[in-house]
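> how would this look folded up:
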Amino acid sequence: LTSLQLYSVVTMLIDKPGVLAVIKVEHLVLPSGHKNQALLEQTDLHKFQEEHKISDNFCRKDKESNIQMKFSCWPCRIVIESVVALRSHLSGGKHLENAVNPVDNSEYFIDNGKWKKKKGEKRPLEESEKLSKRERTKKNKLARSIPILAQHTEAKYEETETYFENGLRKVRPYHFTFTTHAKGRWVGDKLSDVFAREFRAMEPKEFARCIEAGLVRVNDKASSVDYRVQHNDFISHTVHRHELPVTEQKINIISEDDDWAVVDKPCSIPVHPCGRYRHNSMTFILAKEHGLKTLHTVHRLDRLTSGVLIFSKSAAKARVMEQQIKAREVEKEYVCRVVGEFPEEEIVCEEPIEVISYKIGLCVVDPKGKDCKTTFQRLEFKNGVSIVKCWPKTGRMHQIRVHLQFLGFPITNDPLYNSEIFGPEKGKGGDLGKSQEQLVQDLIKYHTVENWINSDEYEPSEIVNESGEIRKTEVFQNLDKIEKVQSETKEEASIKTKKQKLSDDLEMCDPFCDPHCGECKLAYKDPPPETLVMYLHALKYSGDGWSYQTEMPNWTLL
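Down below sits the predicted model:
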C-alpha cells in the first residue's frame, strides 16, 4: 500500500463501528496484594469519537483515581495502552489481515486488562474445600510427604529464649532446619559434591558426620555421602544456630491501627531475618513481644540505621504504600552526625550511585550508576562535628552515606564509608585512589575481627585461635580466593574473640549446648553496645494525609 492508501485504510477502520473500542479500567490492589485492572466501561470507538476528542495523552493514568483509558481491538483481541501504539497497530499487516476476516469473539472477554478465552464453569466448592493459599501449601506438602516443620508455623516463636546481658539482647542457641528443593544444576551430582560446591563453609568431615547423624536428609529420609541428587528432591539440613547480639534498646510503637504499625527501630536490629539474625530481627521481636505476628514490610532501613519503620497489616496495604514510595510520593527526612564543619547553606547532591559489590554491600559514586538526589541542611556545628538533616528524594542503597562521603563529610562512626581504606581523603569527590575491584578486596581484608559486628556481610566473623592466627570461616570461603589474612595486632579492637574449650560438664548441663557444634566450643567477648550504633536516624516519613515522626536521638545533642 502507498502512504495515501494506508492512511485511507486506517481512517476507514477508525470511522466504522465494530473494530475498536475504548475501555476504562481502574487499577486496584486486591486483599491478597496482587495488582488487578477492573473493567468499568467499554464503548465503541466510532461512537466515542462523536462526543470526545482523543489526544496523544489520552491513555495516561490518573494518579488520584487510578483510572486509565485504553483501546481494545476486536479483530486482533488485544488491548492497546497508548495512542502512538494504536497508530502503529492499525498500520500493521496483521491487523489489516484480521480486519478483513474478523473472528467470532463470543467466547472471549476482557479480564485484568487482557483478552481471555471463556472457560467452562467450575464446580462450586464445598465449604471444606475453600482453603487459603497457606492451607493449600500445607495440603500439597502433606500429599508429597514433605514434613511441615515447626519453624514454619507460629511455634517458631517458642523455639528459643531471649535474655538481656551487658546491655545486649541475646538469643539462646537453637536447632534450625534449612530446607531447599534440588536445583536443576544439582541433578545427577553427589550430595557431598553439592554441599562442597554450594555450601563451602562445611568441611567434608563435618558433612560426613552430619550425614551419619541424620542431620542432612533427602525427602525426609536418611541419606548417604554418595547419594546422587534427583529431580524434585527435598533436601534438609539441621544446624545448631547461634545468633549475634543486638542492643537491648526498647522498641517504641509510634502508631498502630487496623492497617498499619509504625515503630521506632533501634540500631543494630535488622528489619527481617537475614544472615545470622532471626529472633533478633524486628519482625520476630514485634511478633513475640508485641503480638504483631502478621506484619508486611513496606520499606527497609539498614541494620545500623535507627528511626521510623512502617509495617502494614495486610499485603494489599503494603502494595499501596510500596507504590507511593516507588512513585516518590513519600517524603523522607533523616538526621545524622558527620565529620567536619558542614556548609551552612543547603547542599543538593545528585551524583549517581552504583553498587560495585552485592557480596559486601558496597556502593560508590559512578557515572554509570543510578540517578540519585539528596538534599542536606546543617543544623549545628560544634567540636569538629556537624548535625545535618537529609532529604533523600530517591531510595538507592546507602544513598545518604555515599553522598556524604562524596561531599567529604562522612558519618562519624560509619564503619564502612568513614574509612581510610578509600584513600587519604576517604573517598571525597569520588577519588578512590585505586580500582573498584581492588577497593572491594582491600575492604574484605580490612574488616576483620574488630569490625565484624558492624556489618551483615562479614558473618560469621573470623576466629582467633590459640596461636593468635585468624581462622577464616565461611564468608572468606564463599568469596573469591583471598590471600591469608594477617593476624590481628590491635589490642583496642572493638570485638575480640578467643577460642576456648568448654568442659564436658558444661556441655552436659547446658540444655542449649550441642556437643557437636563448633560454635558451642567458642566463647565470644561481648561487643560494647556503643559499637552497634551508627549516627544515622530516619526522623520522619510523610505522605498525602499522613505523617510519622520520632524524637531527635540523643547523639544530636552536641
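> What count of nearby residues applies to E351?
By the criterion of other C-beta atoms under 10 Å, E351 has 20 neighbours. C-beta: built from backbone N, CA, C; applies to glycine.
> a strand runs through it, doesn't it?
No - if the criterion is DSSP: H, G, I helix; E, B strand; the rest coil, then E351 is coil and not within a strand.
> Just list the residues touching it, thanks.
V365, C372, H403, F406, G430 (C-beta atoms under 8 Å, 6 or more residues apart in numbering).
> ChimeraX command for the buried members of those residues?
Listed next is the ChimeraX selection for buried residues among the contacts of E351, using 16 or more other C-beta atoms under 10 Å:
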select :365,372,403,406
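> which one of the contacts of E351 is nearest Q49?
Nearest to Q49 among these is C372, at 44.5 Å by C-beta to C-beta.
> Mind putting the contacts of E351 into a markdown table with distance to P173?
What follows is the contacts of E351, written out as a markdown table (distance: C-beta to C-beta, whole Å):
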| residue | distance to P173 |
| --- | --- |
| V365 | 42 |
| C372 | 41 |
| H403 | 40 |
| F406 | 42 |
| G430 | 44 |
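> which ones are touching the residue nearest to the spatial centre of the chain?
In the chain, the centroid-proximal residue (C-alpha atoms, centre = their mean) is R300; its distance is 7.3 Å. Going by C-beta under 8 Å, 6+ apart, R300 touches V271, H272.
> I'd like to know how far it sits from S312.
Going from R300 to S312 by C-beta to C-beta, to the nearest Å gives 14 Å.
> Which parts of the protein are helices?
Taking DSSP state H as the test, the helices found in the chain are 3-15, 45-51, 83-90, 93-100, 133-143, 191-198, 204-212, 282-290, 315-326, 399-407, 436-446, 474-478, 504-509.
> which of those is buried the deepest?
Each of those was scored by mean neighbour count; the highest is helix 399-407, a mean of 25, by mean count of other C-beta atoms under 10 Å.
> which residues sit against that one?
So helix 399-407 is contacted by 334, 336, 338, 347, 349, 351, 353, 363-365, 372, 374, 376, 388, 390, 392, 396, 410-411, 414, 416-418, 422, 426-430, 536 (C-beta under 8 Å, 6+ apart).
> With stretch 62-82 instead?
Contacts of stretch 62-82 (C-beta under 8 Å, 6+ apart): 18-28, 37, 40, 42, 45, 58-61, 86, 89, 94-95, 98-99, 102-103, 105, 108, 110, 113-115, 327.
> Flag every buried residue along that stretch.
68-81.
> so can I have TSV of those showing distance to Q230 and pLDDT?
TSV is the format used below for these (distance: C-beta to C-beta, whole Å; pLDDT from 0 to 100):
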residue	distance to Q230	pLDDT
Q68	48	93
M69	52	93
K70	47	93
F71	50	93
S72	47	91
C73	48	90
W74	49	86
P75	49	87
C76	45	89
R77	42	89
I78	42	90
V79	43	92
I80	47	92
E81	45	91
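> Pick out the most distant pair among these.
So, these by C-beta to C-beta: farthest apart are Q68 and P75, at 22.7 Å.
> tell me the phi and psi of E248?
phi -90, psi 10 (degrees, to the nearest 10).
> ok, it - how many residues close by?
E248: 17 neighbours (other C-beta under 10 Å).
> So what's the predicted local confidence for A327?
Confidence at A327, expressed as pLDDT, is 85.
> which residues sit in contact with it?
K63.
> Would you mind measuring from it to D544?
From A327 to D544 the distance is 11 Å (C-beta to C-beta).
> what's the answer for Y535, then?
On the measure of C-beta to C-beta, Y535 and D544 end up 31 Å apart.
> Looking at these two, which has the bigger crowd around it?
Y535 (21 against 8).
> Quick check: chain neighbours aside, which residue is closest to the more buried one?
Of all residues not flanking Y535 in the chain, R337 sits nearest, at 3.9 Å (C-beta to C-beta, 6 or more residues apart in numbering).
> before we move on, what about S542?
According to C-beta to C-beta, 6+ apart, the nearest residue to S542 is E331 (5.0 Å).
> before we move on, back to that, which of the contacts of helix 399-407 count as buried?
334, 336, 338, 347, 349, 351, 353, 363-365, 372, 374, 376, 388, 390, 392, 396, 410-411, 414, 416-418, 422, 426-427, 536.
> Test my guess that V187 contacts Q230.
Yes - using C-beta atoms under 8 Å, V187 is in contact with Q230, at 6.6 Å.
> what separates the residue nearest to F376 when sequence neighbours are not counted from E248, distance-wise?
Nearest residue to F376 in three dimensions, chain neighbours excluded: I347, at 4.4 Å (C-beta to C-beta, 6+ apart). Distance, I347 to E248, by C-beta to C-beta: 36 Å.
> Give me the pLDDT for the residue nearest to the centre of the chain.
pLDDT, R300: 91.
> same question, the one 4 residues further on
Confidence per residue is given as pLDDT, and for L304 that number is 93.
> tally of neighbours for it?
Neighbours of L304 using other C-beta under 10 Å come to 24.
> Equivalent analysis for E380, please.
For E380, using other C-beta under 10 Å, the count is 13.
> residues contacting it?
S386, I387, T556, L558.
> What average pLDDT does stretch 170-189 get?
Stretch 170-189 comes out at a mean pLDDT of 91.
> whoops, I mixed them up, stretch 147-166
Per-residue scores along stretch 147-166 average to 87.
> Number the chain from 57, please
I'll keep to 57 as the first residue from here, and by that count the last item is stretch 203-222.
> pull the CA atoms of it into PDB?
The C-alpha trace of stretch 203-222 is given here as PDB (Å, rounded to 0.1, in the frame of the first residue of the first chain):
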ATOM      1  CA  PRO A 203       7.100 -32.500  56.600                       C
ATOM      2  CA  ILE A 204       5.700 -29.200  57.800                       C
ATOM      3  CA  LEU A 205       8.400 -28.000  60.200                       C
ATOM      4  CA  ALA A 206       7.500 -26.200  63.400                       C
ATOM      5  CA  GLN A 207       9.800 -23.300  62.300                       C
ATOM      6  CA  HIS A 208       7.200 -22.600  59.500                       C
ATOM      7  CA  THR A 209       4.400 -22.300  62.000                       C
ATOM      8  CA  GLU A 210       3.700 -20.000  65.000                       C
ATOM      9  CA  ALA A 211       5.700 -22.500  67.100                       C
ATOM     10  CA  LYS A 212       8.800 -20.800  65.700                       C
ATOM     11  CA  TYR A 213       8.400 -18.000  68.200                       C
ATOM     12  CA  GLU A 214       8.900 -20.600  71.000                       C
ATOM     13  CA  GLU A 215      12.000 -22.400  69.700                       C
ATOM     14  CA  THR A 216      14.400 -20.400  71.900                       C
ATOM     15  CA  GLU A 217      14.800 -17.900  74.700                       C
ATOM     16  CA  THR A 218      15.700 -14.200  74.600                       C
ATOM     17  CA  TYR A 219      17.700 -12.800  77.500                       C
ATOM     18  CA  PHE A 220      19.500  -9.500  78.300                       C
ATOM     19  CA  GLU A 221      23.100  -9.200  79.400                       C
ATOM     20  CA  ASN A 222      25.700  -6.400  79.300                       C
END
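> burial measure for G244, as a count.
Count around G244 with other C-beta under 10 Å applied: 9.
> Give the bridge partners for the closest residue in space to it that isn't next to it in sequence, please.
Nearest residue to G244, sequence neighbours excluded (C-beta to C-beta, 6+ apart): R284, at 5.9 Å. Following DSSP bridges, R284 is listed with bridge partners K246.
> Repeat that for H83.
Q93.
> who touches it in this structure?
H83 neighbours (C-beta under 8 Å, 6+ apart): K91, N92, Q93, K117, N122, I123, Q124.
> Now do L472, the pLDDT please.
So L472 comes in at 90 (pLDDT).
> So what does the residue nearest to L495 when sequence neighbours are not counted look like in phi/psi?
Nearest residue to L495, sequence neighbours excluded (C-beta to C-beta, 6+ apart): L488, at 5.6 Å. L488 adopts backbone torsions of phi -90, psi -20, taken as degrees, to the nearest 10.
> what's the burial count for L488?
20.
> where does it sit relative to D498, distance-wise?
Distance from L488 to D498, by C-beta to C-beta: 10 Å.
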